[in-house]
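Q: What follows is a predicted structure for the sequence shown.
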Amino acid sequence: MSRTPLTGKTLRMARLSRPRDDRYLFVPLDHSMADGPITDEADFNQLVSDISLGGADAIVVHKGRSRTIEPELLGGCALIVHLSASTDHAVDSDAKVLVSDVEEALRLGADAVSVHVNVGSDTEAIQLAALGAVASACDQWGVPLLAMIYLRGPRVIHPNSPQQLSHMVSIAADMGADLVKTVLAAPIERMTEVTAASPLPVVVAGGDGHDMSLFDFATAAMAVGCHGLAVGRRVFTDDTPRRVVHQLATIVHGEEFTPETALRAHLAGTL
């Protein structure tokens, strides 16, 4: 039986899904750049530990924050270093600039990198160029690229329309990303059009703004063909983040999934 040759990118892609089922639960913790601290510094490593023990596949942080994480707390949880940034204090908060690169992320131990693009913003061209440059570097170094692509800007009217979201995931694929994160379509059932059109695994963002519980949102997202979830704020603002992450992990990977069984199978070579 022929097998896909192992490369740096295929090995790192496998680390992004703990049960190796091509399903993903990412917990972004990069909000501190745009919004300010998400927790006290003394509690940050505990938060990382809870996220890992709960069963998240990866966390997303900026480069400097990755240096503060005690390595053993990650366990089987992968590290995605976010390369682009902005703050809410900017004249144009939709503008994103690169603040790191693939080589630096690798020196920090990253399993993957992510880049944010706001299509429809006044700086769309600059952001697309940045995504393209990072995609080329990712191919050179064998690093998976998560493209976070949204419709945001002064001329955007329907940021959740299935037609527009299908365009967003196509942009990610055309630019050379390996995974794409975007929002859920409205109405939700029409997200099937987006996932069916996408050559990349679609990871859906957050769930903020939807008139349903987080777990109903997660279940609905997986039911319409999404390959996973990226939930940050609704994890780190909860009093029991480990419990929330575990419930999300079982929705993404199935009721039989636990971090412990995934780790045992990985060590035994059965994943």
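A: Perfect, thanks for sending it. Numbers count the residues shown, from 1 in each chain.

Q: Give the buried residues for stretch 65-75.
A: Judged by neighbour count using 16 or more other Cβ atoms under 10 Å, the buried positions of stretch 65-75 are Arg65, Ser66, Ile69, Leu73, Leu74, Gly75. To be clear about C-beta, it is placed using only N, CA and C from the backbone, and glycine gets the same treatment.

Q: Show me what the longest helix seen in the chain is packed up against.
A: Across the chain, the longest stretch assigned as helix under DSSP state H is helix 124-141. Contact here means 3 or more Cβ pairs under 8 Å, 6 or more residues apart in numbering; DSSP states H and E; on that basis helix 124-141 packs against helix 8-15, strand 97-98, helix 102-107, strand 112-119, strand 145-151, helix 162-175.

Q: buried ones in that helix?
A: For helix 124-141, the neighbour count (16+ other Cβ under 10 Å) marks Glu124, Gln127, Leu128, Ala130, Leu131, Val134, Ala135, Ala137, Cys138, Trp141 as buried.

Q: swap in stretch 85-98?
A: In terms of neighbour count (16+ other Cβ under 10 Å), stretch 85-98 has its buried residues at Ala85, Ser86, Asp94, Ala95, Lys96, Leu98.

Q: measure that stretch end to end?
A: 6 Å (Cα to Cα, to the nearest Å).

Q: Could you pull up the mean pLDDT of it?
A: On average, the pLDDT along stretch 85-98 is 93.

Q: and what of stretch 51-71?
A: Average pLDDT, stretch 51-71: 95.

Q: which stretches of the stretch 151-271 of the chain have low pLDDT?
A: 207-210, 256-271 (pLDDT under 70).

Q: sorry, back to before: just send the helices and strands packed on helix 124-141 back as JSON lines, with distance to Thr195 too.
A: As requested, the helices and strands packed on helix 124-141 are exported to JSON lines (distance: least, Cβ to Cβ, whole Å):
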{"stretch": "helix 8-15", "distance to Thr195": "18"}
{"stretch": "strand 97-98", "distance to Thr195": "28"}
{"stretch": "helix 102-107", "distance to Thr195": "28"}
{"stretch": "strand 112-119", "distance to Thr195": "18"}
{"stretch": "strand 145-151", "distance to Thr195": "14"}
{"stretch": "helix 162-175", "distance to Thr195": "8"}
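
Q: What are the boundaries of the helices in this protein?
A: Here the chain has its helices, by DSSP H, at 8-15, 31-35, 41-54, 63-66, 102-107, 124-141, 162-175, 191-197, 214-223, 233-236, 241-253, 259-268.

Q: Which of those helices sits closest to Arg152?
A: For Arg152, the closest of the helices of the chain is helix 124-141, at 9.6 Å, according to Cβ to Cβ.

Q: For stretch 93-110, measure first residue to last.
A: Start-to-end span of stretch 93-110 (Cα to Cα) is 26 Å.

Q: How about residues contacting that stretch?
A: With contacts defined as Cβ atoms under 8 Å, 6 or more residues apart in numbering, stretch 93-110 is touched by 34, 62-63, 66-67, 71, 79-81, 83-87, 113, 115-118, 121-123, 126-127, 130, 133-134, 137-138, 140-141, 143, 152-153.
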